[in-house]
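Participant: Here is the input, now give the coordinates:
(4 chains)
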Number of protein chains: 2
Amino acid sequence: MKGYLWTGGDPGSQKSLAPPQTGRLAPWEAIAVEAVGNVIEFWGFKRNQGRVWGLLYLRGEPLTAGEIERELDLSKGGVSMLLRDLEHWGVIQRVRVPQDTVWRYAAETDLVRMVTHVVEEREASFVTRIRADLSEARRLAEGAGGVPPEKLRRLERMAVLAEHVERALRLFIKTSRLDVGGVLGAFRDGALARKGER
Amino acid sequence: MKGYLWTGGDPGSQKSLAPPQTGRLAPWEAIAVEAVGNVIEFWGFKRNQGRVWGLLYLRGEPLTAGEIERELDLSKGGVSMLLRDLEHWGVIQRVRVPQDTVWRYAAETDLVRMVTHVVEEREASFVTRIRADLSEARRLAEGAGGVPPEKLRRLERMAVLAEHVERALRLFIKTSRLDVGGVLGAFRDGALARKGER
DNA sequence: GGTGCGGTTCACGCGGTCTTGAACTATATG
DNA sequence: CATATAGTTCAAGACCGCGTGAACCGCACC
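Facilitator: Numbering: from 1, shown residues only, chains lettered A, B, ... in the order given. Below you'll find the predicted structure:
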């Protein structure tokens, strides 16, 4: 389950060094983190990737893998992999505190941009694949001979449909991007006074 | 209970190639059917639901459950359930051929409408859920006291983000609908004399 | 060197989803 | 009524993705 972080020492000797409270998440934190988890899962990523990002974002300050592991009740290995993915996608950042040796992780604020980016890529390749399949089918059908022309027409219509769906999708991604551009302004962290940036 | 008479179109097309030539799918059919399966799965439905619809659409004439079972190599029970779902969503139609006792199933042409509809429903309830969670978290956090105001602001920003995403989504669904409206015109079957009601 | 700890990798197992196949219902036919 | 065939339901099992936890790596400090 959890633990494994604790294996070495007795629980009593918690280093006062880092974590203020080793306790669980505050209820409101738990709810918010869970919400992010749901969203991210909905978009086709792993739920825990969302939870990790959510925690990092809510806390605002960089956390260590160990802290994340404890707060979200994940395994050491799991946290490692999740962090790797998130960093790879550029939605979290690995930071080093001056005279500390451990890595800490901080949330980038453009989660959304990353999501749209990855989704876009996924979508695009997927859609092209579909269209390729459909035209392949059409080629075969035409070459085969003996295929009633009205069936060919059906195939053709499917291809048209696919194209239209593709267009709608691209449009969505674009608008989502733009729409989110506005959000990022408000969303972007940093100076409290800074508003309406970009 | 449900179902309509198959006031079938031109008998000529029916007998030419239609007779239970129950071999395997033609290669081009297989490819096309598979493509539909992929699409539908991508949208969060079962792959086989897409394959069944695709087959029915390509064939253009109503097929029996047995034929579907054979062509797509599915189990009897599975076909039954798949057909039930598809019919329930209104993307296939149950038809009865005059002096025959078995049910046959024909593809409606508005697969896309159904997809956007179901997706819309799913999306909508999902998004509202998320927003409810976030405001709940915010309520709790405010009530708890001792929560740094800047954390409250983070929560708030997440809620804003959620709203924006929601807006983008609705927009997508709407445009997709419209976009597809055009498609349906071309997509709608003209080859067979079909009683289009709805 | 050795010990401790942060970090990574990966085989295994759990949990959830989809499919199967058999039991069962319903309906027609002689 | 017996028989056959279409259709439905559901428990059992195949399948697959994810997270776990142990083994492993590497660095720091003693």
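
Participant: Residue of chain A closest to DNA strand D, please.
Facilitator: A:Gly77 (2.0 Å; CB to the nearest atom of the strand). To be clear about C-beta, it is placed using only N, CA and C from the backbone, and glycine gets the same treatment.

Participant: Check the gap between that residue and DNA strand C for me.
Facilitator: As for A:Gly77, its distance to DNA strand C is 3 Å (criterion: CB to the nearest atom of the strand, to the nearest Å).

Participant: Also A:Ala144?
Facilitator: Distance of A:Ala144 to DNA strand C, computed by CB to the nearest atom of the strand: 27 Å.

Participant: Now do the same contact list for that residue.
Facilitator: Applying CB atoms under 8 Å, 6 or more residues apart in numbering or on different chains to A:Ala144 gives the contacts B:Ala26, B:Pro27, B:Trp28.

Participant: Dihedrals phi and psi, the nearest residue to A:Ala159 once chain neighbours are set aside?
Facilitator: Spatial nearest neighbour of A:Ala159, excluding adjacent residues (CB to CB, 6 or more residues apart in numbering or on different chains): A:Leu134 at 4.6 Å. Dihedral pair for A:Leu134: phi -60, psi -40, per degrees, to the nearest 10.

Participant: quick one: A:Leu134 and A:Ala35, what's the gap?
Facilitator: 38 Å (CB to CB, to the nearest Å).

Participant: quick check, stretch A:44-64 touching DNA strand C?
Facilitator: Yes. Using CB under 7 Å from any atom of the strand, stretch A:44-64 reaches DNA strand C at A:Thr64.

Participant: Give me the mean pLDDT for that stretch.
Facilitator: The average pLDDT within stretch A:44-64 is 94.

Participant: chain center to stretch A:148-161: distance?
Facilitator: In terms of CA atoms, centre = their mean, to the nearest Å, the centre of stretch A:148-161 is set 38 Å apart from its chain centre.

Participant: ugh, wrong one, stretch A:60-77
Facilitator: That offset, for stretch A:60-77, works out to 17 Å (CA atoms, centre = their mean).

Participant: now do stretch A:158-174
Facilitator: 23 Å.

Participant: buried ones in that stretch?
Facilitator: Buried residues in stretch A:158-174, counted by 16 or more other CB atoms under 10 Å in any protein chain shown: A:Met158, A:Ala159, A:Leu161, A:Ala162, A:His164, A:Val165, A:Glu166, A:Arg167, A:Ala168, A:Leu169, A:Phe172, A:Ile173.

Participant: again, but for stretch A:92-105
Facilitator: Buried residues in stretch A:92-105 (16+ other CB under 10 Å): A:Ile92, A:Arg104, A:Tyr105.

Participant: what's the closest of these to A:Leu72?
Facilitator: Taking CB to CB as the measure, A:Leu72 lies nearest A:Tyr105 of the buried residues of stretch A:92-105, at 12.5 Å.

Participant: what's the distance between the closest residue to A:Val115 other than its chain neighbours and A:Ile31?
Facilitator: Counting by CB to CB, 6+ apart, A:Val115 lies nearest to A:Trp43, which is 5.5 Å off, once chain neighbours are set aside. In this view, A:Trp43 and A:Ile31 are 19 Å apart by CB to CB.

Participant: Can you pick out the residue with more neighbours from the two?
Facilitator: A:Ile31 (21 against 15; other CB atoms under 10 Å in any protein chain shown).

Participant: and the residue nearest to that one when sequence neighbours are not counted, how many residues sit next to it?
Facilitator: Among residues not flanking A:Ile31 along the chain, B:Ala137 sits closest, at 4.0 Å (CB to CB, 6+ apart). Using other CB under 10 Å, B:Ala137 is surrounded by 24 other residues.

Participant: buried stuff in the helix or strand that contains A:Arg51?
Facilitator: Take DSSP states H and E as the rule and A:Arg51 turns out to sit in helix A:47-59. Applying a neighbour-count criterion of 16+ other CB under 10 Å, one finds A:Asn48, A:Gln49, A:Gly50, A:Arg51, A:Val52, A:Trp53, A:Gly54, A:Leu55, A:Leu56, A:Tyr57, A:Leu58, A:Arg59 buried in helix A:47-59.

Participant: Could you point out which of those residues is nearest to A:Thr128?
Facilitator: Checking the buried residues of helix A:47-59 against A:Thr128 with CB to CB, the nearest one is A:Gln49 at 26.0 Å.

Participant: Report all helices and strands that the helix or strand hosting A:Leu86 contacts.
Facilitator: Using DSSP H and E, A:Leu86 maps to helix A:76-88. In terms of contacts (3 or more CB pairs under 8 Å, 6 or more residues apart in numbering or on different chains; DSSP states H and E), helix A:76-88 is packed against helix A:47-59, helix A:65-72, strand A:92-96, strand A:103-107.

Participant: need those in JSON lines with distance to B:Pro149, can you?
Facilitator: Shown next, in JSON lines, are these (distance: least, CB to CB, whole Å):
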{"stretch": "helix A:47-59", "distance to B:Pro149": "14"}
{"stretch": "helix A:65-72", "distance to B:Pro149": "21"}
{"stretch": "strand A:92-96", "distance to B:Pro149": "24"}
{"stretch": "strand A:103-107", "distance to B:Pro149": "19"}
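
Participant: for these, which one sits closest to B:Asp73?
Facilitator: helix A:47-59 (33.9 Å).

Participant: Quick one: list the elements packing against the closest one.
Facilitator: Other elements packing on helix A:47-59 under the criterion 3+ CB pairs under 8 Å, 6+ apart are helix A:27-42, helix A:65-72, helix A:76-88, strand A:92-96, strand A:103-107, helix B:149-187.
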